[in-house]
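mind folding the following:
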Amino acid sequence: MKLPVLASLIIFLSILSGLRKKHTKETQDAKQRFWDKEFAANNVRKKSLDGLDYITIPLSTFPMQLMTDNERVQEYISIVETLSTRKIVNFTGITNTDLKLTYGTANITALSEYDENYTTLITTLQRWAKILYDGGHKEAVCTLLEYAVSIGSDVSATYYLLADIYREEGNSDKITELINTASSLESKTGKLIVHTLQESYL
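Residues are numbered from 1 along each chain as shown. Next up is the predicted model:
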C-alpha cells in the first residue's frame, strides 16, 4: 500500500473512532439525564389537578340523529356519549416523566386515563365523520372535525378531509386556517400535515 493511501486510511479511521466515541458519550449523557429526570419525577408529591385544561364535549351541537341506522355510527355516538361523562385532557407532546414532575407520581394513572380518553375522542370523531361524509352529510362532518381541530387533534385524516370539503366549496381561506392550526401542533405529525396541505390543497 502506498504511503499517501495508508496515511489517508489512518486519518479516516482516527476520525471515525473519534466520532464513534463522541456518539457513545452523547448517548450515555442523554440516558443519564433521562434517569436523573425520572428519579426526580418519581419523588414529586401529588398535586392538585383542578387547573388542568379539561375538554368538554358539546353533544348538543353534534349530529346525534344522523345515519343512526348504521351500526358503526351508533357505536361512535355511544363512545362519544360515554366520553362526555369522563375527564379528558390533551397531553400530546408531554412525556409521562414531565407529567410526574408537574403533577406528582401518584397522579400518573389518572393523567394517563385522561390522555387516553382524548386519543379515543379524536380518533372516534374522525371515523364517525368519514361515514357521514360518505353519506353526503358535509355540514355535519365539518361540525365534528372542526371541533376536533379546535381541541388540538393531530389526526392527519381529519385535516385532509376538512381540506377536501373546503376545496370543494372553494374556500381556500379555511384551508389556510387549517395550515396555521396544524403548524402549532406539538406532535410530530404536525409538520407532515402542514406540508401535505400546502402541497396538495393550495
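
only C-alpha atoms from now on, for both contacts and neighbour counts.
Will do.

buried sites along stretch 91-110?
For stretch 91-110, a neighbour-count test (16 or more other CA atoms under 10 Å) marks 91-92, 96-97, 99-105, 107-108 as buried.

can you give me the pLDDT of residue 158?
With respect to pLDDT, residue 158 has a value of 98.

that one: neighbour count?
Look at residue 158: counted by other CA atoms under 10 Å, it has 26 neighbours.

surely it is in contact with residue 124?
No. With contact defined as CA atoms under 8 Å, residue 158 does not reach residue 124; the gap is 10.7 Å.

helix/strand/coil for residue 91?
Three-state call for residue 91 (DSSP: H, G, I helix; E, B strand; the rest coil): coil.

list the contacts for it?
Residues near residue 91 by CA atoms under 8 Å, 6 or more residues apart in numbering: residue 115.

and the next element down the chain from the helix or strand harbouring residue 12?
Using DSSP states H and E, the element containing residue 12 is helix 3-41. With elements assigned by DSSP H and E, the helix or strand that comes after helix 3-41 is helix 71-83.

so what secondary structure elements neighbour that next one?
The elements that helix 71-83 packs onto, with contact taken as 3 or more CA pairs under 8 Å, 6 or more residues apart in numbering; DSSP states H and E, are helix 108-134.
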